[in-house]
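Q: Sequence and predicted structure below; questions after.
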Amino acid sequence: MANIKVNEVIGRIPTQLYVNGQWKDSSSGQTFTVINPATEEKLADVASATPEDGMAALDAAVAAQREWARTPSRKRAQILWDAFDRVTELKDDFASVMTAEMGKPLDQAYGEVTYGAEFLRWFAEGATRTMGNYYPTPEGNIQVVTIKRPVGPCLLVTPWNFPLAMATRKVAPALAAGCTTILKPAEATPLTSLLFVRVLEEVGVPKGVVNIVPTSSTPAMTGPMISDPRLRKLSFTGSTQVGRALLREAAQNVLRTSMELGGLAPFIVFEDADLDLAVEAALATKMRNMGEACNAASRFYVHESVAQEFTEKFAAGMSKMVVGNGMEDGVDVGPIVSARQLASVEELVERSVAAGAKIEVGGKRLDQPGFFFPPTVLTVEGADNPLLEEEVFGPVAPVYSFASEEEVLELANRSQYGLAGYVYTRDMQRIIRLGEELEVGMIGVNSGTISNAAAPFGGVKASGLGREGGVEGIEEYLETIYLGTPRA
Ligand code: NAD
């Protein structure tokens with residue numbers, strides 16, 4: 001794996017904007033630099049879209065909307081199938097670029113290619129099944145006919161942590177539904193998205209249907225688009241803070257919105273759990289993507305009767321993980337995505353320790369080039385410790401011991417976030433009780449793996465609005481239109 005020549009791969013990726021079927025420079029001529037967080041070396045300079053470029057992308061998406069909506073769904077589905085095949089063929093390129101620009105170990109990057117490509121296949125299958133309904137009203141006087149219609153041009157804003165999957169999870173259902181799109185990738189990771197758009201161009205997506213506008217001045221570029229009533233939908237994945245700001249902007253034109261925001265997933269281990277299985281899942285669910293996942297286990301609540309044993313085994317597992325450049329074989333934990341993100345992880349750990357947390361393993365950034373933070377476990381006594389309340393987005397795990405189901409439910413639901421939760425117990429009735437009462441959108445039951453294109457991904461409370469993937473995913477891009485006529 002390690003002998004992939006990433007510079008050659010990057011040399012083949014277009015670094016311009018793609019607007020109305022043309023690759024072009026920014027109208028200001030400006031670019032921004034993408035770096036490798038493992039080495040701090042430059043990978044590429046990418047065109048930085050201006051507000052005018054954003055509006056040109058919107059013009060193109062608006063112009064292409066009607067024709068794309070009228071394109072037979074079988075044809076739209078075929079394009080998505082072809083894109084699935086091509087992304088899969090290019091798995092080495094996609095995996096190595098993701099590792100280079102955001103740091104995840106190469107084997108995890110391959111995992112993301114499989115996961116990300118699956119959205120193309122899943123929504124290809126769904127494209128031909130967007131059906132309406134027909135029924136008479138109960139009074140028998142009106143015939144109700146419902147049809148599904150694409151919402152219209154969509155702005156899709158994605159984060160850096162899953163650069164391929166977050167793009168396919170939005171672009172695929174939008175195209176399947178018959179919507180045109182403008183993709184705005186995160187500044188740290190535009191190369192994966194540019195390669196993905198190149199694939200879409202290759203497989204014959206018509207001009208204007210997909211546009212990509214990376215930029216280093218995001219709000220200035222996205223603001224005018226969001227204010228323009230021709231834009232009909234905003235789908236955003238990122239922090240709750242930015243999501244809130246975008247919801248305010250979107251209110252102006254009453255835009256349809258999907259918001260996949262932050263998380264602070266509780267990982268709850270009861271006294272009857274299979275402890276070794278729980279430890280294994282805790283390691284995987286915490287450390288996948290270096291902890292930089294919205295559904296990463298963030299708060300470990302462990303029953304007091306097993307807390308010590310769990311913590312010892314968990315800390316031992318964490319300390320064995322190999323930290324390094326994700327391109328190298330045998331590395332489990334790559335760098336944090338940026339100097340800024342590393343500083344924020346470090347600062348949160350310091351505040352947690354100041355509030356009484358005890359470091360069991362890790363705790364300090366590594367003194368070497370690149371943005372490395374070691375796997376870290378802390379035992380926490382106060383239930384209001386900062387690490388139990390704020391999203392860390394890094395390889396840091398606070399463990400808190402609880403006494404009863406009632407107590408842990410109250411602790412878990414205390415957070416403003418409600419994305420994912422994980423529960424380890426053998427008690428079926430307890431599982432159902434928690435399913436009813438844990439305030440999250442997704443629950444892993446004796447499982448640390450919940451992401452799947454076929455399942456509805458999304459949160460409650462400040463973790464967002466809407467669902468991506470599953471049969472729900474395409475509905476986010478469809479309107480239900482009702483036609484009523486008197487019944488003869
Ligand atoms: P971020 O909110 O800083 O940025 C996300 C995207 O929004 C980027 O493309 C960024 O350029 C853009 N953006 C930033 N400010 C903007 C503004 N004012 N207007 C318009 N766009 C703006 O988040 P991030 O640091 O890239 O990603 C990490 C966050 O994403 C975490 O909070 C994580 O939990 C969340 N996340 C959520 C999910 C989910 O499905 N719920 C998935 C992945 C990540």
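A: Sure, I can see it. Residues are numbered from 1 along each chain as shown.
Q: residue ranges of the helices in the stretch 301-450 of the chain, please?
A: Applying DSSP state H, counting those that start in this stretch to the stretch 301-450 of the chain gives helices spanning 307-319, 339-354, 386-389, 405-413, 428-437.
Q: okay, these in a markdown table with mean pLDDT next?
A: Formatted as a markdown table, these follow (pLDDT from 0 to 100):
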| stretch | mean pLDDT |
| --- | --- |
| helix 307-319 | 98 |
| helix 339-354 | 97 |
| helix 386-389 | 97 |
| helix 405-413 | 98 |
| helix 428-437 | 98 |
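Q: Report the closest residue of the protein relative to the ligand.
A: residue 238 (2.6 Å; Cβ to the nearest ligand atom). Every residue, glycine included, has its C-beta placed from N, CA and C.
Q: how near is the residue nearest to that residue when sequence neighbours are not counted to residue 30?
A: Nearest non-adjacent residue to residue 238, counting by Cβ to Cβ, 6 or more residues apart in numbering: residue 159, 4.6 Å away. Noted for residue 159: a distance of 23 Å to residue 30, by Cβ to Cβ, to the nearest Å.
Q: hmm, back to that, so the residue nearest to residue 238 lies in a strand, does it not?
A: No. Counting by DSSP: H, G, I helix; E, B strand; the rest coil, residue 159 is not part of a strand but coil.
Q: residues contacting it?
A: Applying Cβ atoms under 8 Å, 6 or more residues apart in numbering, we find residue 159 in contact with 166, 186, 237-239.
Q: do residue 15 as well
A: Each residue near residue 15 by Cβ under 8 Å, 6+ apart is listed here: 31, 44-47, 191, 194.
Q: Equivalent analysis for residue 438, please.
A: 266, 409, 412-413, 421, 423.
Q: Kindly write the ChimeraX command that selects the buried subset of the residues you listed.
A: Selection of the buried residues among the contacts of residue 438 in ChimeraX, burial being defined by 16 or more other Cβ atoms under 10 Å:
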select :266,409,412,421,423
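Q: Which two of the contacts of residue 438 have the greatest separation?
A: 413 and 423 (13.3 Å; Cβ to Cβ).
Q: what number of residues lie near residue 342?
A: 20 (other Cβ atoms under 10 Å).
Q: Distance-wise, check it relative to residue 158.
A: From residue 342 to residue 158 the distance is 21 Å (Cβ to Cβ).
Q: so which of the helices of the stretch 301-450 of the chain is the most packed in?
A: Counting by mean count of other Cβ atoms under 10 Å, helix 386-389 has the highest mean neighbour count of those, with a mean of 22.
Q: who does that one touch, helix- and strand-wise?
A: helix 339-354, strand 396-402 (3 or more Cβ pairs under 8 Å, 6 or more residues apart in numbering; DSSP states H and E).
Q: one more time with 6 Å, if that's ok
A: helix 339-354 (3 or more Cβ pairs under 6 Å, 6 or more residues apart in numbering; DSSP states H and E).
Q: quick one: the helix it packs on near the ligand?
A: No. Using Cβ under 6 Å from any ligand atom, helix 339-354 stays clear of the ligand, coming no nearer than 7.2 Å.
Q: Got phi/psi on residue 457?
A: Dihedral angles of residue 457 (phi, psi; degrees, to the nearest 10) stand at phi -100, psi 130.
Q: Correct me if wrong: it contacts residue 470.
A: No. Counting by Cβ atoms under 6 Å, residue 457 does not reach residue 470; the two are 7.3 Å apart.
Q: ok, the two, which is more surrounded?
A: Between residue 457 and residue 470, counted using other Cβ under 10 Å, residue 457 has the larger neighbour count: 25 against 17.
Q: bridging residues for that one?
A: For residue 457, the beta-bridge partners are residue 468 (DSSP bridges).
Q: buried set for stretch 148-156?
A: For stretch 148-156, using 16+ other Cβ under 10 Å, the buried residues are 148, 150-156.
Q: same deal with stretch 355-364?
A: 357, 359-363.
Q: where does residue 115 land in three-state SS?
A: helix.
Q: I meant to write residue 229 there.
A: Here residue 229 is recorded as coil under three-state DSSP.
Q: Next to the ligand, which bits of this protein? Give me the list.
A: 157-161, 184, 186-187, 218-219, 222, 237-239, 242, 245-246, 260-263, 294, 391, 393, 419, 459, 464.
Q: do that again at 5 Å, thanks
A: 157, 159-160, 186, 218-219, 222, 237-239, 242, 260, 262, 294 (Cβ under 5 Å from any ligand atom).
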